[in-house]
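Participant: structural data only, the sequence is not supplied:
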Ligand code: FES
Ligand code: FES
């Protein structure tokens with residue numbers, strides 16, 4: 001039986017009528033039209049469906065809508081500010097850090113979460129934060145370049 005859930009997504013409150021066991025991935029894609037949230041493996045292994053939940057990267061394929069009632073969710077669509085891309089998004093473009101781009105939203109959100117917590121990440125921290133995201137096109141070298149560049153830009157900005 002359907003119930004009403006309230007989700008704060010990209011700064012806006014949405015009331016969702018859904019069965020409690022509907023996956024967050026489906027709610028975001030099908031009910032809210034957020035196409036950046038992608039299904040890959042469906043079992044928490046690839047990171048294509050990553051969203052930020054209270055600022056932490058999570059796999060939306062593993063969460064039920066009933067588990068995120070009243071919680072704060074951010075997808076890639078919510079990163080831009082006043083029409084400007086987030087610095088991590090810009091770095092991905094500048095460093096050609098994608099081919100098909102299916103994995104890109106997940107990588108971008110994991111990198112954004114990392115930089116919020118670790119503004120000056122060393123290589124080990126960086127690899128740990130991105131370890132839950134897979135790129136089937138093998139764009140890892142450029143993805144790492146982009147994330148390092150975004151971290152460096154942030155350091156320069158704050159110094
Ligand atoms: S689709 Fe969720 S982790 Fe792969
Ligand atoms: S760019 Fe194609 S899966 Fe990563």
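Facilitator: Right, received. Where do you want to start? These numbers were taken from a predicted model, which means no experiment stands behind them. Ligands and ions are numbered 1, 2, ... in the order given.

Participant: distance of the residue most central in space within the chain relative to ligand 1?
Facilitator: When the chain is reduced to its mean C-alpha position, the nearest residue by CA atoms, centre = their mean turns out to be residue 109, at 3.1 Å. When CB to the nearest ligand atom, to the nearest Å is applied, the distance between residue 109 and ligand 1 equals 12 Å. Placement of C-beta: from N, CA and C, glycine included.

Participant: backbone phi and psi for that residue, please?
Facilitator: phi -70, psi -40 (degrees, to the nearest 10).

Participant: and the closest residue to it other than its chain neighbours, what is it in contact with?
Facilitator: Leaving out its chain neighbours, the residue that sits closest to residue 109 by CB to CB, 6 or more residues apart in numbering is residue 50, at 5.0 Å. With contact taken as CB atoms under 8 Å, 6 or more residues apart in numbering, residue 50 is in contact with 57-60, 105-106, 109-110, 132-133.

Participant: near residue 5, how many other residues are there?
Facilitator: Residues near residue 5, counting by other CB atoms under 10 Å, number 22.

Participant: contacts only, for it.
Facilitator: Contacts for residue 5 (CB under 8 Å, 6+ apart) come out as 15-16, 18, 20, 65-66, 68-69.
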